[in-house]
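1. Quick one, fold the following:
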Amino acid sequence: MSSWKLKSNKSRRRKLTLIGWQQPNAEALFVVFRYLLMMSAGLAWYVSNIDTFTPFSLAECIVMAMVSGILIDRLLDWRVNQVRAEISRVTPDAVDLMVVCVASGLTLEAVFRCVGEEMRPISAALSREWLVTATEIAVLDSPQQALVNLDERVQLPDIKNLVTTMNQALQFGTPIAQALNLIASDSRQYHLLELEEWAGKIPAKMSLPPLVVLIMVPVVVMMVAPTMLSLFKTLGSL
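-> Next up is the predicted model:
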């Protein structure tokens, strides 16, 4: 029976946890759903496009099944990127709340739990990660390990900066509130630079379609058309 046990994929499990599939059997359900959809796609292609069964038609069905499996994986990656972008966007606000909680004298576990509960209406994804971290801080022997686990789950520069700074503050005894203030300031500055970069690309994006359609296409036609007409004329005289 052990030979039939599903081999867990750490990366896939991490992605499913990040998007909210935290059940113990979430990975197994995802794999079963994926294979069922692949089989359904292959069968639907066979029923709708194939009249007689041949090795070539079997290959077509297998290709369609593989394509549907790849699309499911890409959809999962797209959803993970969405969640990461959401967490990155609200991390500075969460850090500001953490500064208030630390200044009020709460423990690190209570800080993560309080901020996780308060951020639930704003970002369910960040709330889940903060609450999981609070639980791990209460269960694990070292709070540093819980912070490292948070970084491994989310894999964002903002979270990595937060984890590194907090681990250093816990290790060397520096004030956590001061470190969190610095993190919040750096995060907001980083997002401001991203917005400035995005705004700087707008003129190029707005000018590219007219440039291609109104200038480049006519130039290419003017350059290629005489050659093509000469070639057609030569072929017609043969």
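
2. Need the residue closest to the centroid of the chain.
-> residue 81 (1.7 Å; C-alpha atoms, centre = their mean).

3. what's the average pLDDT for the host helix or strand of residue 100?
-> Secondary structure from DSSP states H and E places residue 100 in helix 55-103. For helix 55-103, mean pLDDT is 86.

4. for the record, mean pLDDT for whichever helix or strand comes after that helix?
-> The first helix or strand that comes after helix 55-103 along the chain, using DSSP H and E, is helix 108-118. Average pLDDT, helix 108-118: 89.

5. Now do helix 108-118 against helix 55-103, angle only.
-> 120 degrees (axes from the mean of the first three to the mean of the last three C-alpha atoms, to 10 degrees).

6. Buried residues, helix 108-118. List them.
-> Neighbour counts using 16 or more other C-beta atoms under 10 Å place 108, 109, 110, 111, 112, 113, 114, 115, 116, 118 of helix 108-118 among the buried residues. C-beta coordinates here come from the backbone N, C-alpha and C atoms, glycine included.

7. now stretch 59-71
-> Neighbour count says stretch 59-71 has 60, 61, 64, 65, 68, 69 buried, by 16+ other C-beta under 10 Å.

8. Quick one: low-confidence residue ranges for this structure.
-> 1-8, 50-53, 208-209, 211-213, 237-238 (pLDDT under 70).

9. quick check: domain ranges of it?
-> 8-84, 87-193 (automatic domain parsing).

10. What are the boundaries of the strands in the protein?
-> Applying DSSP state E to the chain gives no strands.

11. before we move on, the earlier item: quick check: the farthest pair among the buried residues of helix 108-118?
-> The span of the buried residues of helix 108-118, defined through C-beta to C-beta, is set by 108 and 118 at 15.9 Å.

12. thinking again about what came up before, return the most buried member of the domains of the chain.
-> domain 87-193 (a mean of 17; mean count of other C-beta atoms under 10 Å).

13. gap between that one and the chain center?
-> Remark: domain 87-193 is offset 20 Å from the chain centroid, using C-alpha atoms, centre = their mean, to the nearest Å.

14. repeat for stretch 29-38
-> On C-alpha atoms, centre = their mean, the centre of stretch 29-38 falls 21 Å from the chain's centre.
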